[in-house]
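Enquirer: Pasting the sequence and the predicted coordinates here, then a few questions.
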Amino acid sequence: MFDDLLKILDQSEHGKRYAAYASTSSTSNFQPKIDTIMKTIASFQSGKNKCDITNALIFMIVKDDMRLSTTEKTGFKHFMNVVAPHYQPPLHRAVTDCVDRKYKVHSRIVKEKLENASYYTLTADLWTETNTTSFLGITIHFLENTRLKSLTLGITELQDRHTSENLQCECKNIIENWNISLNKVSAIVTDNGPNIVKAVCDTFGEVKHIACFAHTYNIVLHSAIAKSAHLNELLMKIKSIVTYFKHSVVASDALKPAQTSSQPLRPIQDVSTRWNSTFFMLYRFIEIVEHISTVLLKFPKSPPMLSASEIEVLREIIAILKPMELATTEMCGQTYTTCSKVIPILCCLEKNFKAACMTSPIAIQLRNDILDQLEIRFRNITKSYIHSVATVLDPRYKRVNFNKNCGDAALAFIRIDKE
């Protein structure tokens, strides 16, 4: 009977592994080493460990926006061979199937959360890539256990013309796909494009539409700058210098050792579609203006440097733009509501600009043009139903910033009492 038991053990998987080890060992009478035994372990081929690694792998690919074929790359295979040599990563097709299954599961979870939410706010954005391909994206924001949550509902490629009718149809498709009730939508935020504005107003109602504060703010700044020929001339000189350092490797390399800092700064190029990029370009230029001047003197073909008086003008312009940059950053928060901050921020900016002491005619004109543009773009902001109600309900502000428009504050309280 004992001999039969030995035969059964020898024919088992464990017996085969031990026989393979014993055949390669000259000291089979001794206990095998740990590293030798570890090489024979195949625990990652199935079971909980494999599922945990695969789930983490899919999460990494989706979260970091990696290619689905990442698991077939040579470097990734080498990494996994070192970390988990007995784990076999899924191939491209298997990863695609895993992502699809995860999406279906999480979609059901999200739909349940949206169904339980009392109200939500949407943001719709329309943009065009460099290859002229256009997209429409919709994001939803809602409270979950008193915490603000934001989710991307969908990004769809636009095949037809960007008319308000086509955009309205795409918006409805995304909303219906997530079983969103229009009655629960308290507001929807878009930029100032007339096509997207008409599309959301026709879908949700004009009272629920909010123009993006940061986008409107960006228009205010660009419109004010465009009115000053002298300011534009000064900005063009700075842009030419920044561009020179971007294109000249020799000049860029010379700028680094000229700075004593362990992390040398580089000039920043402004981009018209990026909010506050002009401010960041000017602020960085002033930070390293002395080093830039030193480097430009070494290259005869470099663009002309700013004069001392122009640098002083630049400092005053930065002093004007800095509060606007702070306001934009505050209004772009993702973890807190910002609607109640619009009226107070505009009120503080107006007071700050009027109290600022400027000596340069260029800076004075810029300040006045910004005030004029703020008045044009935000003239009726206190009459906005959503903005006024949100402000008076915020215990930090209430009606403090309705000094010139007490009637609008009173109307906001009446609206709250009715609801």
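Expert: Structure received. In this text the structure is predicted, and so the values were computed from the model without any measurement.
Enquirer: For residue 303, give its distance to residue 61.
Expert: 46 Å (CB to CB, to the nearest Å). The C-beta positions use only the backbone N, C-alpha and C, and glycine is treated the same way.
Enquirer: since we're on the residue nearest to residue 180 when sequence neighbours are not counted, how many residues are nearby?
Expert: Of all residues not flanking residue 180 in the chain, residue 114 sits nearest, at 6.4 Å (CB to CB, 6 or more residues apart in numbering). Per other CB atoms under 10 Å, the neighbour tally for residue 114 reads 20.
Enquirer: Kindly report the same for residue 66.
Expert: Applying other CB under 10 Å, we find 15 residues neighbouring residue 66.
Enquirer: show me what contacts it?
Expert: If you count contacts by CB atoms under 8 Å, 6 or more residues apart in numbering, residue 66 has them with residue 60.
Enquirer: How is it assigned, secondary-structure-wise?
Expert: Following DSSP: H, G, I helix; E, B strand; the rest coil, we place residue 66 in the coil state.
Enquirer: So for whichever helix or strand residue 295 is part of, mean pLDDT?
Expert: Taking DSSP states H and E as the criterion, residue 295 maps to helix 289-296. The pLDDT scores in helix 289-296 average 91.
Enquirer: which of the residues in that helix are buried?
Expert: 289, 291-292, 295-296 (16 or more other CB atoms under 10 Å).
Enquirer: three-state assignment of residue 358?
Expert: Going by three-state DSSP: residue 358 is coil.
Enquirer: coming back round to it: quick one: the helix holding residue 295 to chain centroid distance?
Expert: Per CA atoms, centre = their mean, to the nearest Å, the displacement of helix 289-296 from the mean C-alpha position of its chain is 34 Å.
Enquirer: Could you export it as PDB, keeping only the C-alpha atoms?
Expert: Extracted in PDB, the C-alpha atoms of helix 289-296 (Å, rounded to 0.1, in the frame of the first residue of the first chain):
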ATOM      1  CA  VAL A 289      15.000  90.400 -17.200                       C
ATOM      2  CA  GLU A 290      18.600  91.100 -16.000                       C
ATOM      3  CA  HIS A 291      19.900  87.700 -17.300                       C
ATOM      4  CA  ILE A 292      18.000  88.100 -20.600                       C
ATOM      5  CA  SER A 293      19.600  91.500 -21.100                       C
ATOM      6  CA  THR A 294      23.100  90.100 -20.400                       C
ATOM      7  CA  VAL A 295      22.600  87.300 -22.900                       C
ATOM      8  CA  LEU A 296      21.200  89.400 -25.700                       C
END
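Enquirer: Can you name the element that comes right after that helix?
Expert: Sequence order places helix 308-331 as the next helix or strand after helix 289-296, per DSSP H and E.
Enquirer: the inter-axis angle of that following helix versus helix 289-296?
Expert: Orientation check (axes from the mean of the first three to the mean of the last three CA atoms, to 10 degrees): helix 308-331 against helix 289-296 gives 130 degrees.
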